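*Asks:* with the input below, show me the fold.
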Amino acid sequence: MAFKNIDSLDVAAVFQSFPDEARQKLLSVRQLIFDLSNESDTVGDIEETLKWGVPSYLTKHPKSGTTIRLQWLPASRQYGIFVHCQTSLIADFKEQYQFSLKFDKNRGILFEEKEDFPEPIIKKFVSNALTYHSKK
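*Replies:* Residues are numbered from 1 along each chain as shown. Take a look at the predicted model:
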C-alpha cells in the first residue's frame with residue numbers, strides 16, 4: 001500500500017519510533033483518515049500534527065470532526081486509535097462492538113501489536129470521528 005507522504009519531520013520521527021508492525025498498521029489507519037477526507041465534502045481538509053507527542057488528525061475546513069490520535073503503547077505492546085474522551089464515539093462503538101473490540105475506557109480502541117484492525121469497522125469509526133461535530 002502506498003501511503004500519503006508525511007510533511008512534518010516531527011510526525012515522521014514519531015512514526016519511525018514505532019515497531020515495524022505497529023507502524024505499518026497505524027500508517028494504514030492514517031491513510032484511511034486521508035482517504036475518507038478526500039472522499040467526503042463534509043470532512044474537508046485534514047491537519048496532521050503532534051498532540052501529546054503522538055500523531056493527531058484534525059478537521060480544518062470545515063471543523064466537522066473531533067481529533068483522532070494514533071498511538072503506540074510500548075508497556076502493553078499495543079497500538080490504538082484515540083479520540084477526545086468527552087465525545088460519545090467510544091460509548092457508541094462499545095454498544096455495537098463490545099465483544100469484538102478492546103477499548104481503553106472512553107478514549108480509544110486498542111489492538112495487539114501483531115493484530116490487524118478490522119478495516120470496515122475502523123473505517124466507520126474514523127468516518128464518525130471526522131464528522132462528529134457536523135452530526136450534532
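
*Asks:* so which residues of this structure form helices?
*Replies:* Using DSSP state H, the helices of the chain run over 9-17, 20-39, 89-97, 119-130.

*Asks:* want to throw those into JSON lines with distance to His61?
*Replies:* In short, each C-beta sits where N, CA and C put it, glycine included. Supplementary listing: the helices of the chain in JSON lines, determined by distance: least, Cβ to Cβ, whole Å:
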{"stretch": "helix 9-17", "distance to His61": "20"}
{"stretch": "helix 20-39", "distance to His61": "11"}
{"stretch": "helix 89-97", "distance to His61": "21"}
{"stretch": "helix 119-130", "distance to His61": "13"}
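
*Asks:* wait, which of the ones you listed is closest to Leu73?
*Replies:* Across the helices of the chain, Leu73 has its closest neighbour in helix 20-39 (9.1 Å, Cβ to Cβ).

*Asks:* then the closest one to CSV, C-alphas only?
*Replies:* Taking C-alpha atoms only, helix 20-39 is exported to CSV below (Å, rounded to 0.1, in the frame of the first residue of the first chain):
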residue,chain,number,x,y,z
ASP,A,20,7.6,-2.1,12.3
GLU,A,21,4.3,-4.0,12.5
ALA,A,22,2.6,-1.3,14.6
ARG,A,23,4.0,1.4,12.4
GLN,A,24,2.5,-0.2,9.3
LYS,A,25,-0.9,-0.7,10.9
LEU,A,26,-1.0,2.9,12.2
LEU,A,27,0.1,4.2,8.8
SER,A,28,-2.8,2.3,7.3
VAL,A,29,-5.2,4.0,9.7
ARG,A,30,-3.6,7.3,8.8
GLN,A,31,-4.2,6.6,5.2
LEU,A,32,-7.8,5.8,5.9
ILE,A,33,-8.2,9.2,7.5
PHE,A,34,-6.9,11.0,4.4
ASP,A,35,-8.8,8.7,2.0
LEU,A,36,-12.1,9.5,3.9
SER,A,37,-11.3,13.2,3.8
ASN,A,38,-10.7,13.1,0.1
GLU,A,39,-14.0,11.1,-0.5
